[in-house]
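Asks: Next comes the sequence, and after it the predicted model I'd like to discuss.
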Amino acid sequence: MTGEGSATPTRLLAIGECMIELTHIDEHVLRLGCAGDTFNTAAYLSRCSSPDRVAVDYMTAVGDDYYSDRVLAAIASEGIGTDGIRRVPGRSPGLYLVRTDAAGERSFTYYRSQAPARELFADAAPDLGGYDVVYISAISLQILDSAARDRLWTALDAFRSNGGAIVFDSNYRSTGWPDVDTARHAVRTSWELATIGLPTFADEQALFGDESPERTVARLAGLGVSEIVVKNGASGCTVAQGAASHTLPAVEVERVVDSTAAGDAFNAGYLAARLAGGDPVESAKQAQGLAATVIQHPGAIVDRSVVPG
């Protein structure tokens with residue numbers, strides 16, 4: 001990947017939705033934050049990267065109310081560029097509530113059907129000029145209608161043809177799709193465009209019936225993805241580039257407090273290390289370390305005392 005030894009920073013654009021996050025502290029108190037899968041990755045990537053090596057921007061849409069201002073402020077506070085963020089008059093950002101059980105596993109309730117991010121690419125494809133890397137997930141696609149997804153894919157196809165790197169995480173959440181066939185088509189189309197794949201095995205298994213992470217690697221490689229890391233929870237991860245493949249054991253964590261952003265933090269750690277010149281295996285080890293740190297603390301975006309910027 002670009003980054004190491006470059007005279008100018010690698011420019012990475014993350015696309016998606018940053019929402020208001022309400023996390024249960026107890027049965028009566030909720031903590032307000034801002035989060036969303038691609039934003040979480042962008043935030044941790046920004047914190048873990050030198051600004052003279054990696055410049056991170058975010059593309060989304062927000063409204064013009066107090067909570068939209070909170071979202072914009074949260075994005076900017078992470079050192080992330082906001083020039084690609086539209087403001088839609090009269091609208092408010094999406095919102096979700098998080099509950100975690102005693103094992104740190106989380107459940108979500110979403111209120112985002114009228115979120116302004118759903119209007120991304122409603123009239124025109126995104127301008128990806130000037131970027132080196134674009135990062136998206138299936139949740140980025142989930143909020144778009146079919147015409148907007150087509151516009152995004154057309155832009156990504158041209159971007160890759162011009163030498164850009166596309167990083168994709170399928171991050172499949174069934175409740176956000178009208179049916180599994182629509183989700184499967186969207187994810188497969190995105191894999192055909194991706195150069196780097198950072199999926200979770202359970203998501204790929206749910207969509208495509210893969211019997212093992214190795215089968216996921218083989219299928220994605222067959223679609224043209226050249227660098228693949230399959231996250232597999234307590235079973236570790238499988239790292240593949242070309243003919244080389246390595247399985248790394250999971251990092252042991254004494255107590256999982258909140259697994260909300262485990263995969264997002266892993267992706268950030270991996271990209272930060274790769275853009276700093278690390279090889280895929282070493283980068284995956286650093287990614288595991290970051291994810292293990294994040295899940296021992298509450299919320300998607302942990303305090304800077306835990307993961308400094």
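Replies: Structure's in. What do you need?

Asks: can you tell me the helix or strand for Ala74?
Replies: If you go by DSSP states H and E, Ala74 is part of helix 66-77.

Asks: for that helix, packing partners?
Replies: Here helix 66-77 touches strand 19-24, strand 30-35, helix 37-48, strand 54-62, strand 85-87, going by 3 or more Cβ pairs under 8 Å, 6 or more residues apart in numbering; DSSP states H and E. In this view, the C-beta of every residue, glycine as well, is placed from N, C-alpha and C.

Asks: so which of the ones you listed gets nearest Pro249?
Replies: Closest of the helices and strands packed on helix 66-77 to Pro249 is helix 37-48, at 22.1 Å (criterion: Cβ to Cβ).

Asks: Could you check the pLDDT of the nearest residue to Gly224 once chain neighbours are set aside?
Replies: In this structure, Gly224 finds its nearest non-sequential neighbour in Glu192, 6.3 Å apart by Cβ to Cβ, 6 or more residues apart in numbering. We have a pLDDT of 99 for Glu192.

Asks: what about the helices in the stretch 151-300 of the chain?
Replies: Per DSSP state H, counting those that start in this stretch, the stretch 151-300 of the chain carries helices over the ranges 180-193, 201-208, 213-222, 262-275, 280-294.

Asks: Of these, which is nearest Gln241?
Replies: Per Cβ to Cβ, nearest to Gln241 of the helices of the stretch 151-300 of the chain: helix 280-294, 5.1 Å.

Asks: buried ones in that closest one?
Replies: Residues 280, 283-288, 290-294 are the ones in helix 280-294 that count as buried (16 or more other Cβ atoms under 10 Å).

Asks: likewise stretch 183-198?
Replies: Buried-residue list, stretch 183-198, by 16+ other Cβ under 10 Å: 183-184, 186-187, 189-198.

Asks: what's the spacing between that stretch and its chain's center?
Replies: How far stretch 183-198 lies from its chain's middle: 13 Å, per Cα atoms, centre = their mean, to the nearest Å.

Asks: Could you do stretch 41-58 as well?
Replies: Here stretch 41-58 is found 13 Å from its chain centre; the criterion is Cα atoms, centre = their mean.

Asks: quick one on the thing from earlier: just so I know, which of the helices and strands packed on helix 66-77 lies nearest Gly233?
Replies: Closest to Gly233 of the helices and strands packed on helix 66-77, according to Cβ to Cβ: helix 37-48, at 16.5 Å.

Asks: returning to what we had before: restricting the selection to alpha carbons, write the helix holding Ala74 to CSV.
Replies: Provided in CSV are the C-alpha atoms of helix 66-77 (Å, rounded to 0.1, in the frame of the first residue of the first chain):
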residue,chain,number,x,y,z
TYR,A,66,-27.9,20.4,17.4
TYR,A,67,-27.2,16.7,17.0
SER,A,68,-25.9,17.1,13.5
ASP,A,69,-23.5,19.7,14.9
ARG,A,70,-22.4,17.2,17.5
VAL,A,71,-21.7,14.6,14.8
LEU,A,72,-19.6,17.1,12.8
ALA,A,73,-17.7,18.1,15.9
ALA,A,74,-17.0,14.5,16.8
ILE,A,75,-15.6,13.8,13.3
ALA,A,76,-13.5,16.9,13.2
SER,A,77,-12.2,16.2,16.8
